[in-house]
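Undergrad: Predicted model, plus sequence, below.
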Amino acid sequence: DVKVTQSSRYLVKRTGEKVFLECVQDMDHENMFWYRQDPGLGLRLIYFSYDVKMKEKGDIPEGYSVSREKKERFSLILESASTNQTSMYLCASSLFQEQFFGPGTRLTVL
Amino acid sequence: DQQVKQNSPSLSVQEGRISILNCDYTNSMFDYFLWYKKYPAEGPTFLISISSIKDKNEDGRFTVFLNKSAKHLSLHIVPSQPGDSAVYFCAATSGTYKYIFGTGTRLKVLA
């Protein structure tokens, strides 16, 4: 079974803090994704990566950056957290079309 | 511009009856469609998919229908069970890494 793990289930940060969200997958998948899920807006793609050190912007990259130094690990960075980044963050990985999701990190920015 | 739309935010169905969840899309370049199920406090899990070369795909109680001319797909669950209560997302891709997700439909199956 594919396993995608995220470093925290719940996180509370203050405005202006730098936040790191970590994601690890154990199936040697090439592709990894970061989404945020907000009520009424579904899942929106922030960034994705199709190989180590390769990344592409999704639909809402502003205020975020990513890092993929190893194939199994994809990190999402909020350089200076703001209250409008309070959300559920979901990481996913895929080899072909089907994406496998982690359990999500609910981030609250105060 | 919402390329994938799920116009019903919620749906209630009696146990044992059919649940029909709908999804519309606008981009004719989409060639692969997926349905995901999401329970509270969990990540979405893959349910079923369909390629644009097909009009139907079946997996146990779940069937997805694709009507390309109408740019419409639907997920049928027969019979519906209380454990099917979840949020269902449809997603579409045009052969790239990028998936477009709908806003989700919350299904409640009443015992």
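TA: Arrived safely.

Undergrad: How many neighbouring residues does residue A:98 have?
TA: 13 (other C-beta atoms under 10 Å in any protein chain shown). Yep, even glycine has a C-beta here, placed from its N, CA and C like the rest.

Undergrad: With adjacent residues omitted, what lies nearest to it?
TA: Distance criterion C-beta to C-beta, 6 or more residues apart in numbering or on different chains; nearest residue to residue A:98, sequence neighbours excluded, is residue B:46 at 5.0 Å.

Undergrad: Then residue A:55?
TA: residue A:49 (4.7 Å).

Undergrad: how many other residues sit next to the one you found?
TA: 22.

Undergrad: isn't it right next to residue A:32, touching?
TA: Yes - using C-beta atoms under 8 Å, residue A:49 is in contact with residue A:32, at 5.0 Å.

Undergrad: Give the residues shared as contacts by the two.
TA: A:68, A:74 (C-beta atoms under 8 Å, 6 or more residues apart in numbering or on different chains).

Undergrad: picking up where we left off before, I'd like to know how far the residue nearest to residue A:55 sits from residue A:78.
TA: Separation of residue A:49 from residue A:78 (C-beta to C-beta, to the nearest Å): 17 Å.

Undergrad: Also residue A:34?
TA: Counting by C-beta to C-beta, the gap from residue A:34 to residue A:78 is 11 Å.

Undergrad: Compare neighbour counts for the two and give me the winner.
TA: residue A:34 (25 against 19).

Undergrad: Just give the number of residues close to residue B:29.
TA: Neighbours around residue B:29, by other C-beta under 10 Å: 12.

Undergrad: For residue B:42, list the residues it contacts.
TA: A:103-104.

Undergrad: secondary structure element for it?
TA: If you go by DSSP states H and E, residue B:42 is not part of any helix or strand.

Undergrad: so what pLDDT did it get?
TA: Looking at residue B:42, its pLDDT is 88.

Undergrad: what's the answer for residue B:45, then?
TA: So residue B:45 comes in at 94 (pLDDT).

Undergrad: Test my guess that the residue nearest to residue A:98 contacts residue B:36.
TA: Yes - if you go by C-beta under 8 Å, residue B:46 and residue B:36 touch, sitting 5.9 Å apart.

Undergrad: More neighbours: which of these two?
TA: Neighbour comparison, residue B:46 and residue B:36: the larger count goes to residue B:36, with 26 against 17 (by other C-beta under 10 Å).
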